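Asks: from the sequence below, what's the structure:
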Amino acid sequence: MNHKKMNDVTAVIPCFNDGAYIQEAVDSLLSQTVMPDRIIIVDDGSDLRTRSIIEKIDHPLINVIYQENQGVAAARNRAISKVKTSYVVTLDADDSFEPTFIEKALVAIKSKPEVVAVCCYYQKYKNNKPVLDVIKPLGGNVVNFLVKNNGQASALFKKSIWEKIGGYDVNFVNGYEDWEFWIAMLRDGNYMHIIPETLWRYRIKNSSRDQIALATYDFELKQQLYVKHKDLYLRHFEKVYSELTWRQKALNQSVINLKSSKQYKIGGIFISPIRFVKRLFK
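Replies: This is a model prediction of the structure:
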């Protein structure tokens, strides 16, 4: 098959110290039923081990860019600035797509003019084993993204919209750059389509940037989202407030269910003597 701009899509892989996984990510793109015209890997200042692995990846569709560590947003932006096709696929170096993702995503993004991005259902994996249930993001319009990121980082989207919004915001250095990217991309009446199939594999590592962002920077990053897109939050205040209230109710119910569970009560039996001893020494 001749791949010279046949499919009008370029794949981008930012990589930072993911040498153990990047070959799997690359192979998942080279195994697509509709191939990307080009794959751009950005080595974002990785260690020597990862760099040596990247240097051994040899395929005519693959180009590699090396840079000092600047963060995933800057790495994606640099790669996408080199893209000549109408569509971009982003894939993190430790994740992978099922073989039909690009084919089905291209059909979806061409179906309606307001569709500017395509994601899918996905499964989390740890040690190559599935974890929990399949995750089904909502996608949709920008209102669905003001309280929660209803997409994911690995996706297919129109390069023209990336250009229009100025790319990924490099100020989100501690995370949530993909969440902010979707808000910016969808804010003018655009739409994200979700393929109702599990076509993306998301790897859970012992320590990941997403986990650190949630555990350490969640409040600050959400404040940053609000400040940048304050007009949207104010315009859709009632819907945002309604969803926040619903989430609080769900959280409260989870706490009640936990305290009513047999496991919680059994745990309390064992912990009570320890608490009593601690009080004696206070």
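
Asks: roughly how far apart are Ala250 and Asn257?
Replies: Noted for Ala250: a distance of 10 Å to Asn257, by Cβ to Cβ, to the nearest Å. (Each C-beta comes from the backbone N, C-alpha and C, glycine too.)

Asks: could you list the domains of this protein?
Replies: As given by automatic domain parsing, the domain ranges for the chain are 9-232, 240-280.

Asks: how far out from the middle of the chain is the first one?
Replies: What it means is domain 9-232. Relative to the centre of its chain, domain 9-232 is centred 5 Å away, using Cα atoms, centre = their mean, to the nearest Å.

Asks: quick check: end-to-end length of that domain?
Replies: 31 Å (Cα to Cα, to the nearest Å).

Asks: ranking the domains of the chain by mean pLDDT, which is last?
Replies: Lowest mean pLDDT of the domains of the chain: domain 240-280, a mean of 69.

Asks: return the most buried member of the domains of the chain.
Replies: Among the domains of the chain, judged by mean count of other Cβ atoms under 10 Å, the one packed with the most neighbours on average is domain 9-232 (a mean of 18).

Asks: my guess is Ala25 contacts Ile62, does it?
Replies: No. If you go by Cβ atoms under 8 Å, Ala25 and Ile62 don't touch, sitting 11.4 Å apart.

Asks: now the helices for the stretch 1-150 of the chain?
Replies: In the stretch 1-150 of the chain, the segments counted as helices under DSSP state H, counting those that start in this stretch are 22-30, 48-55, 72-80, 101-109.

Asks: so which of the ones you listed comes closest to Thr10?
Replies: helix 72-80 (8.1 Å; Cβ to Cβ).

Asks: only alpha carbons, please: show that closest one as PDB.
Replies: Only the C-alpha atoms of helix 72-80 are listed here, as PDB (Å, rounded to 0.1, in the frame of the first residue of the first chain):
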ATOM      1  CA  VAL A  72       4.400  16.800  27.500                       C
ATOM      2  CA  ALA A  73       2.500  19.800  26.200                       C
ATOM      3  CA  ALA A  74       5.600  21.400  24.600                       C
ATOM      4  CA  ALA A  75       6.600  18.000  23.200                       C
ATOM      5  CA  ARG A  76       3.200  17.500  21.600                       C
ATOM      6  CA  ASN A  77       3.200  21.000  20.200                       C
ATOM      7  CA  ARG A  78       6.600  20.700  18.700                       C
ATOM      8  CA  ALA A  79       5.700  17.500  16.900                       C
ATOM      9  CA  ILE A  80       2.300  18.800  15.700                       C
END
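
Asks: check which helices and strands it sits against.
Replies: Helices and strands touching helix 72-80, by 3 or more Cβ pairs under 8 Å, 6 or more residues apart in numbering; DSSP states H and E, are strand 9-15, strand 38-44, strand 62-67.

Asks: can I get the second one in PDB, CA atoms only?
Replies: The C-alpha atoms that make up strand 38-44 are tabulated as PDB, following Å, rounded to 0.1, in the frame of the first residue of the first chain:
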ATOM      1  CA  ARG A  38       3.900   9.600   9.400                       C
ATOM      2  CA  ILE A  39       4.800   8.900  13.000                       C
ATOM      3  CA  ILE A  40       6.700  11.600  14.900                       C
ATOM      4  CA  ILE A  41       8.300  10.600  18.200                       C
ATOM      5  CA  VAL A  42       9.500  13.500  20.500                       C
ATOM      6  CA  ASP A  43      12.100  12.400  23.000                       C
ATOM      7  CA  ASP A  44      11.500  14.900  25.700                       C
END
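
Asks: contacting residues for the nearest residue to Asn149 once chain neighbours are set aside?
Replies: Excluding the flanking residues, the one nearest Asn149 by Cβ to Cβ, 6 or more residues apart in numbering is Trp179, at 3.9 Å. With contact set as Cβ atoms under 8 Å, 6 or more residues apart in numbering, Trp179 has these partners: 145, 149, 151, 225.

Asks: and the second one, what does it touch?
Replies: For Asn149, the residues meeting the contact criterion (Cβ under 8 Å, 6+ apart) are 137, 176, 178-179, 182.

Asks: the same query, at a cut-off of 7 Å, please.
Replies: 178-179, 182 (Cβ atoms under 7 Å, 6 or more residues apart in numbering).

Asks: phi first, then psi, for the residue nearest the centre of the chain.
Replies: By Cα atoms, centre = their mean, the chain has its centre lying nearest to Ala153, at 2.4 Å. Dihedral pair for Ala153: phi -70, psi -40, per degrees, to the nearest 10.

Asks: perfect, that will be all.
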